[in-house]
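Undergrad: Pasting the sequence and the predicted coordinates here, then a few questions.
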Amino acid sequence: MLGRHSFKLPRLTNMCVAYSTAAAEASVEQLYNRPKLTSTDYRTAENNTKQHSAVHEGKFYTLSPEQKKQLFSGGGLPRQYEQQIKTFTEACLMVRPTSLELLNYIRNTDFTRPVVRYVLYGENGVGKTLTMAHVLHYGLQNNFVLVHVPWVPNWMKRPKETVNATTQEGFIDLPFDAAAWLVHFKTQNANLLTQLQLKTSKDYVWTKREATPAGSTLLELVEHGIARIKFASETIAALLSELKQHANDDKCKIMVAIDGFNAFFHPETRILGDNKQRITPDRVTLTQPFLDITNYNWKNGVCVLTVDKIGMTEGYMDSYLPRYLLGKEGFEHLDPFVPLHVDNYSDKEFASCIQYYLDRNWIQKTPEGFDEQLKYLSNKNPYTLMRLTRSL
Amino acid sequence: MLRSLCSRLEPQSLICAVTRGMSAYSPHYIEAIFSKKKQLNLKETDEYIKLSHLPIKAAKNDDSESIFYNELVNKMVNYITKGGNKKLARELLTKSFECMKRVQIERMNLNPESKDTIIADPEQLLIKAIENSRPLLQLTAIKRGGVKYQVPIPVTEKRSYFLAMKWLLEAAREKERKVHLPEKLAWEVLDAAYNQGRVVKRKNDLHRQCESNRAYAHYRWS
């Protein structure tokens, strides 16, 4: 009986003693033993994406609030990343090797040749969307007209409203999503389009009384689409073909960035047709214009596409490789393209990310070997790391 | 000071003498020492030889050697758990921690001068909140001469931790339907960590009642 007491006691007191003040202070000392941070290790002041080179690899650069607003107010950054931006009071993107590679390709592109399609692919949470965000920033800074679709599966999985298309028999129209995209297009490109003064090449007759005559600016076309939501999808088709035409005439450069491109080739959507059957994506009116603009029959442009596992529905999420996600049809549509594999953090990037989190007070507990343990737990996956450090 | 008085009132042997009625183990089984470090420490002393001849309980499956492991946090998870769904409970507490941290980081950003004084470590906040809401005394009904008296008695250390966590959780569960538990729990913990809020008030109310019933204190023994 006595023996039992002596062994039971330590356990009981253990819990209590550890949180009594003296012991707690000692452990606090150890927990807050912060490593000294030098901001040049993980930050770079270079905000011009054109200058980004291997020197800046793994470092964070800051996106100015205005540019962030212009680029991503209609979506384009993951929701949790938006939350981080709010907490950190700044929008920082890491210069990843894949985006450097891609930027290098774009910088050295011969724009008189047909467009090159780049396909970003990789596991969940490795930073495909943020790589694309970096490239979009490059596009903004270098006067590309941005044709950016933040997340295609939104259209195929949870459209705001579905209507039977009036002009094309058997097709489904997504007027609200189309109009939202037009607004997004306008916020991204309004400045550039007023500068370029691109004109429509032919008359667009919407109804008996409404028409957009040839020679009106593209902005007018877009605004009409936003005002008359019913015609938004057709406006997108018109807008994209006009843009393509202008690019062919060397009047502008276009950057097409479509996130979750494989959703255009998914075996089925969640949209129900007339006979309560799920329809295929090619029967959505929005699909064809975006497939046209990712074709290679035009020049003065660059296509950056991502294929993503979570763009698919259950049963189609076995692999993250482009051939699997795009299917035969999609693969043949894009072929030939440049595949770019986005990978998990390297050791250097991981260390820089940890330092950045420490700098932003995101990681509060730094007992000895915490980074090693996080590395082990997260497998250096950026998203997993962000999730793991939530409660630390 | 009151706390030290309490511990003198309640001899510690008394805590341990309570046998667990439904325990799968006989009383002479000892708790497992799962930590490798502690085992090695024991090996150096002759305690190890003594232990090797004693029957030992199986280690618990939620004990961990991780450097982020905290016994009190683990206990809190157990209290949140409903119907054995511990995974959910852990997720809820994690979310709550995230919420606390975001609030504190926001406060830091608002006035950078007080950066060093603001605690943003959610675990420390939880510990502080629990310490602040631990009661010292509680009331029990004792029948003397046909009348039930509310008699103040000291709370054991273990029970005081239990009550503190229970109160925090009860305060968090009492909310509007639209607010989620992690959020509300975060607010309650933050309040309690700053010695404010409903839980601390509940503790103070209990203490006040005990104080007003001090005349009955002797019924505990007689």
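TA: On my side now, so go ahead.
Undergrad: make it CA atoms for all contacts and neighbour counts henceforth
TA: OK.
Undergrad: near chain A, which residues of chain B show up?
TA: B:13, B:16-17, B:27-31, B:67-68, B:71-72, B:94-95, B:97-98, B:101-102, B:105-106, B:120-123, B:127, B:157-158 (CA under 8 Å from any CA of the partner chain).
Undergrad: now the strands for the chain?
TA: All of this is about chain A. With DSSP state E, the ranges of strands along chain A come out as A:60-63, A:91-94, A:116-121, A:144-149, A:163-164, A:172-173, A:204-205, A:211-212, A:253-258, A:301-306, A:338-341.
Undergrad: Can you look at chain B instead?
TA: So, for chain B - with DSSP E - the strands run B:137-144, B:147-154.
Undergrad: residues touching residue 144, list them.
TA: Looking at chain A here, since you left the chain open. By CA atoms under 8 Å, 6 or more residues apart in numbering or on different chains, residue A:144 lies in contact with A:252-255.
Undergrad: that's the other chain; I wanted chain B
TA: residue B:219.
Undergrad: same deal with residue A:197?
TA: Each residue near residue A:197 by CA under 8 Å, 6+ apart is listed here: A:217-218.
Undergrad: Also residue A:253?
TA: Going by CA under 8 Å, 6+ apart, residue A:253 touches A:143-145, A:247, A:300-301.
Undergrad: Pull the number of nearby residues for residue 84.
TA: As the question left the chain open, I've gone with chain A. Taking other CA atoms under 10 Å in any protein chain shown as the criterion, the count of residues near residue A:84 is 17.
Undergrad: That was the other one, I meant chain B.
TA: 10.
Undergrad: Check it and give its pLDDT.
TA: With respect to pLDDT, residue B:84 scores 89.
Undergrad: Quick check: the gap between it and residue B:35.
TA: Going from residue B:84 to residue B:35 by CA to CA, to the nearest Å gives 25 Å.
Undergrad: can you check residue A:83 too?
TA: For residue A:83, the distance to residue B:35 - CA to CA - is 38 Å.
Undergrad: Please apply the same query to residue B:77.
TA: From residue B:77 to residue B:35 the distance is 21 Å (CA to CA).
Undergrad: so residue A:139 touches residue A:256, yeah?
TA: No - assessed by CA atoms under 8 Å, residue A:139 is found out of contact with residue A:256, at 9.5 Å.
Undergrad: Enumerate every residue touching the residue nearest to residue A:222 when sequence neighbours are not counted.
TA: Of all residues not flanking residue A:222 in the chain, residue A:182 sits nearest, at 6.4 Å (CA to CA, 6 or more residues apart in numbering or on different chains). Applying CA under 8 Å, 6+ apart, we find residue A:182 in contact with A:222, A:225-226, A:232, A:236.
Undergrad: Enumerate every residue touching the residue nearest the centre of chain B.
TA: Nearest to the mean C-alpha position of chain B, by CA atoms, centre = their mean, lies residue B:161 at 2.8 Å. Residue B:161 sits next to B:130-131, B:134 when contact means CA under 8 Å, 6+ apart.
Undergrad: Touching, residue A:203 and residue A:213? I think so.
TA: Yes - using CA under 8 Å, residue A:203 makes contact with residue A:213 at a distance of 4.4 Å.
Undergrad: more neighbours, the two?
TA: Taking neighbours as other CA under 10 Å, residue A:203 and residue A:213 compare with residue A:213 leading, 15 against 12.
Undergrad: if I look at the more buried one, how far off is chain B?
TA: 51 Å (CA to the nearest CA, to the nearest Å).
Undergrad: ok, that residue - contacts?
TA: Contacts of residue A:213 (CA under 8 Å, 6+ apart): A:200, A:202-205.
Undergrad: Try it again at 7 Å.
TA: Applying CA atoms under 7 Å, 6 or more residues apart in numbering or on different chains to residue A:213 gives the contacts A:202-204.
Undergrad: need the residues you listed in TSV with distance to chain B and pLDDT, can you?
TA: Formatted as TSV, these follow (distance: CA to the nearest CA, whole Å; pLDDT from 0 to 100):
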residue	distance to chain B	pLDDT
A:202	53	84
A:203	52	84
A:204	48	83
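Undergrad: quick one: which of the residues you listed is nearest residue A:164?
TA: Taking CA to CA as the measure, residue A:164 lies nearest residue A:204 of those, at 20.7 Å.
Undergrad: That closest one contacts residue A:211, correct?
TA: Yes - assessed by CA atoms under 7 Å, residue A:204 is found in contact with residue A:211 at 5.5 Å.
Undergrad: neighbour count winner among those two?
TA: residue A:204 (16 against 13).
Undergrad: Run through the residues that contact the closest residue in space to residue A:280 that isn't next to it in sequence.
TA: Closest residue in space to residue A:280, ignoring its immediate chain neighbours: residue A:268 at 4.5 Å, by CA to CA, 6+ apart. When contacts are counted by CA under 7 Å, 6+ apart, residue A:268 touches A:278-281.
Undergrad: Now tell me what touches whichever helix in chain B runs longest from outside.
TA: Counting by DSSP state H, the longest helix found in chain B is helix B:86-110. Contact with helix B:86-110 is made by A:87, A:390-391, B:77, B:80-81, B:114-115, B:118, B:120-122, B:182-183, B:185-186, as judged by CA under 7 Å, 6+ apart.
Undergrad: now swap in stretch A:384-392 and tell me
TA: A:363-365, A:378, B:94, B:97-98, B:121-122.
Undergrad: Pull out the buried residues from it.
TA: Residues A:384-386, A:389-392 are the ones in stretch A:384-392 that count as buried (16 or more other CA atoms under 10 Å in any protein chain shown).
Undergrad: just stretch A:297-314 next, same as before
TA: A:298-309, A:311-313.
Undergrad: Local confidence estimate at residue A:223?
TA: 87.
Undergrad: An error on my part: the question was meant for residue A:317.
TA: You'll see residue A:317 listed with a pLDDT of 84.
Undergrad: Surely it touches residue A:307?
TA: No - taking contacts as CA under 7 Å, residue A:317 lies outside contact range of residue A:307: 11.5 Å.
Undergrad: which regions of chain A lie under the pLDDT threshold?
TA: A:1-35 (pLDDT under 70).
Undergrad: Next, name the residue at the spatial heart of it.
TA: residue A:129 (2.9 Å).
Undergrad: Number of residues surrounding the residue nearest to residue A:163 when sequence neighbours are not counted?
TA: Leaving aside its chain neighbours, residue A:163 sits nearest to residue A:173 (5.0 Å; criterion: CA to CA, 6+ apart). Taking other CA under 10 Å as the neighbour definition, residue A:173 ends up with a count of 26.
Undergrad: how near is residue A:173 to chain B?
TA: 34 Å.
Undergrad: Could you check how far that residue is from residue A:288?
TA: 12 Å.
Undergrad: Now do the shared contacts for the two.
TA: Joint contacts of residue A:173 and residue A:288 (CA under 7 Å, 6+ apart) do not exist.
Undergrad: so who does residue B:163 touch?
TA: Applying CA under 7 Å, 6+ apart to residue B:163 gives the contacts residue B:134.
Undergrad: Read off the pLDDT value for it.
TA: Residue B:163 is assigned 92 on the pLDDT scale.
Undergrad: Distance check, it against residue B:130.
TA: Remark: distance between residue B:163 and residue B:130 (CA to CA) = 9 Å.
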